[in-house]
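Visitor: Predicted coordinates and the sequence they were generated for:
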Amino acid sequence: MSAIADAADVSISTVSRVLAGGQGISSKTIDKVRKTAQQLGYRPKSSNIGRPQSKTRQKMLKLGLLHTFTGEYTPEHSIQVYLHQKFMIESWRSAHQLGHQLVIDYLDLEHPDQSPLLSPQAGIDGLILKGAVTQKALNLLPANLPAVILRLPMGMPCPYTSVNCNYHTGISRCVQYLHKLGHQHIAFFCFANQRFDNLDKISSYQQTLMSLGLEDDRYIAMPELKDHPDAESGCRWALEKWLSMDKAPTAIISSEGFCFEFDKLLKKRGLCIPKDISLLDAVTGASRHDSLREHYTRLQMPAQQMSQTAVEHLIRHIRHPQAPPQTVLMEMDFIEGDTTAPPPTI
């Protein structure tokens, strides 16, 4: 399946689903995977009923999932985050369905000696690393321990297989969607230096606006955390900046779940969503608010597919230590809710 996935430029999980019947997969992808499988000489295995399973198949692996963080961020805070919950649940589900065990732990990078998963006594066969993935975090991984990095920072050198989202195409899709609705003044919000992927999102936002012939930097708002230590303060600053313009934006793309704050602040000003202004959440899941995953138009990480792919690649590296690392970029889910509409007519 790994060879088919490489040749067809899809994930191992997609190959698995196609070979199992293709439920939920587009006909174009099914045809591509099946044609690639045929070209590579794939043949379905005959039934193993009544035959002893190989030792490799019988062995239950002990996998680790380590979430790293820095500073005042706590595991309790992380557990409240919807996206983190999804990654934990789906990673456990994927490992369990394949007959393996998954152990979850947290690591404060300011106290790197605190995680038992990184000690030889943990007895894990491989590790999935996610959260604040820094060079320091990579250096902490035990030598010769198979590992997969979930959400590796864009452009960061890494000797391990990594599974991430294609933020660039995702943000571009958001801008094009709003433009198709008729919006000419589209704002983008994120906190400066808050996340490793913000630069890629901003770059995509600017490039897409330029390709559409729109202004590419007037409506960017990036408050500094030192000046605005909480979400509401930063969002209020951005709104004051935008609404004071001669041509205020008619749509806002908010990175990392801050649409909830914008929603409250806009309503306090007597503005109606989406009649007066549209809100698009990119990337949702970073918020703890249920409303964000229920009705907001949003760009969302495919947590289930990403977790499944990370588990599958980790097992591959455990069983085939010489397998080369791969970079897996997955397309994001775009979900249309009720917070976007054509701009108001003047």
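Guide: Thanks, I have the structure now. Just so you know, these numbers come straight off a predicted model, no measurement behind them.

Visitor: For the stretch 151-300 of the chain, which segments count as strands?
Guide: Along the stretch 151-300 of the chain, counting by DSSP state E, counting those that start in this stretch, strands occupy 161-165, 186-189, 220-221, 251-254, 278-284, 297-300.

Visitor: Repeat that for the stretch 1-150 of the chain.
Guide: 62-69, 101-108, 126-131, 147-150.

Visitor: So which of those strands has the densest surroundings on average?
Guide: strand 147-150 (a mean of 25; mean count of other Cβ atoms under 10 Å). Yep, even glycine has a C-beta here, placed from its N, CA and C like the rest.

Visitor: That one pairs with which strands, parallel or anti?
Guide: strand 126-131 (parallel), strand 161-165 (parallel) (DSSP bridges).

Visitor: And the average pLDDT for it is what?
Guide: When pLDDT is averaged along strand 147-150, the result is 95.

Visitor: Other residues contacting it?
Guide: 87, 126-130, 133, 138, 141, 158, 160-164, 306-307, 310, 313-314, 317 (Cβ atoms under 8 Å, 6 or more residues apart in numbering).

Visitor: now the strands paired with strand 147-150 as JSON lines including mean pLDDT and distance to residue 265?
Guide: Listed next are the strands paired with strand 147-150 as JSON lines, based on pLDDT from 0 to 100; distance: least, Cβ to Cβ, whole Å:
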{"stretch": "strand 126-131", "mean pLDDT": "93", "distance to residue 265": "29"}
{"stretch": "strand 161-165", "mean pLDDT": "92", "distance to residue 265": "28"}
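
Visitor: Now tabulate these in TSV and tack on distance to residue 64.
Guide: Listed next are the strands paired with strand 147-150 as TSV, based on distance: least, Cβ to Cβ, whole Å:
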stretch	distance to residue 64
strand 126-131	4
strand 161-165	15
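
Visitor: Can you tell me which of the strands of the stretch 151-300 of the chain has the worst average pLDDT?
Guide: strand 278-284 (a mean of 83).

Visitor: For residue 342, find the nearest of the strands paired with strand 147-150.
Guide: With Cβ to Cβ, the closest approach to residue 342 among those belongs to strand 161-165: 28.1 Å.

Visitor: what comes into contact with the closest one?
Guide: Under Cβ under 8 Å, 6+ apart, the answer for strand 161-165 is 147-152, 154, 283, 301-302, 306, 309-310, 313-314, 317, 325-332.

Visitor: Nearest to residue 29, out of the strands of the stretch 151-300 of the chain?
Guide: strand 161-165 (18.0 Å).

Visitor: Name all residues that make contact with residue 250.
Guide: 183, 184, 185, 186, 277, 278, 343, 344.

Visitor: Can I get the strands of the stretch 1-150 of the chain in a markdown table including distance to residue 119?
Guide: Formatted as a markdown table, the strands of the stretch 1-150 of the chain follow (distance: least, Cβ to Cβ, whole Å):
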| stretch | distance to residue 119 |
| --- | --- |
| strand 62-69 | 11 |
| strand 101-108 | 11 |
| strand 126-131 | 12 |
| strand 147-150 | 15 |
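
Visitor: Ok, which of the ones you listed comes nearest residue 32?
Guide: strand 147-150 (24.7 Å).

Visitor: Return the distance of that closest one from the chain's centre.
Guide: Mean-position distance between strand 147-150 and its chain equals 13 Å (Cα atoms, centre = their mean, to the nearest Å).

Visitor: Any of the contacts of residue 250 buried? List them.
Guide: The neighbour count (16 or more other Cβ atoms under 10 Å) marks 183, 184, 185, 186, 277, 278, 343 as buried among those.
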